[in-house]
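1. Quick one, what's the 3D model for this:
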Amino acid sequence: QVQLVESGGGLVQAGGSLRLSCAASGRTGSRYSMGWFRQAPGKEREFVAAISWNDDSTYYADSVKGRFTISRDNAKNTAALQMNSLKPEDTAVYYCAAADKPTLNFLLRLARTYAYWGQGTQVTVSS
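-> Below is the predicted model:
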């Protein structure tokens, strides 16, 4: 089992930045693909970004490409999502997720790929 805890959410004005962190604990000896998803009120959970388990390739939703950056620190068992140039439409609860086995990279955009999820952190961007 792996436990994930997100932090770093908050309220920011449009154009501002936030950095989300995800701390993993438990069975963290293996490398896992990590992802970030978000869910706005009344909408389905959507893919934001992912980083692969083997070569640290990164993948982004078109809506955040060029503004968000996903990273990981294997020594600290953490992942991060740096969010710049935030827009009101980025407002959502952001979730960190981890796969439980080696994963083909083209599956990283799918929520069903991930076995472990954090509790979420709220990001609110005011106009």
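2. Nearest the middle, which residue of the chain would you pick?
-> residue 36 (2.0 Å; Cα atoms, centre = their mean).
3. Got the confidence number for that residue?
-> pLDDT for residue 36: 98.
4. Give me the below-cutoff pLDDT ranges for this protein.
-> Along the chain, segments meeting pLDDT under 70 span 28-30.
5. To what extent is the closest residue to residue 57 other than its chain neighbours buried, counted in neighbours?
-> For residue 57, ignoring the flanking residues on the chain, the nearest one in space by Cβ to Cβ, 6 or more residues apart in numbering is residue 105 at 5.9 Å. For glycine as for every other residue, the C-beta is placed from the backbone atoms N, C-alpha and C. Neighbourhood size, residue 105 [other Cβ atoms under 10 Å]: 16.
6. Tell me how far residue 105 lies from residue 53.
-> From residue 105 across to residue 53, the span is 9 Å (Cβ to Cβ, to the nearest Å).
7. before we move on, what about residue 122?
-> To residue 53, residue 122 is 28 Å away according to Cβ to Cβ.
8. Compare the two (neighbour count), which wins?
-> Shown here are residue 122 and residue 53; by other Cβ under 10 Å, residue 53 has more neighbours (21 against 12).
9. buried set for stretch 114-126?
-> Within stretch 114-126, the residues that count as buried by 16 or more other Cβ atoms under 10 Å are 114, 116-118, 120-121, 123, 125.
10. okay, that stretch in CSV with CA atoms only?
-> Output in CSV follows, covering the C-alpha atoms of stretch 114-126 (Å, rounded to 0.1, in the frame of the first residue of the first chain):
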residue,chain,number,x,y,z
TYR,A,114,-3.6,4.6,-11.0
ALA,A,115,-4.2,2.4,-7.9
TYR,A,116,-3.4,5.0,-5.3
TRP,A,117,-5.0,8.5,-4.8
GLY,A,118,-4.5,11.3,-2.4
GLN,A,119,-7.3,13.1,-0.7
GLY,A,120,-7.0,16.2,-2.9
THR,A,121,-6.1,19.8,-2.4
GLN,A,122,-8.2,22.8,-3.4
VAL,A,123,-6.9,25.3,-5.9
THR,A,124,-8.9,28.5,-6.5
VAL,A,125,-7.9,31.1,-9.1
SER,A,126,-9.7,34.4,-8.8
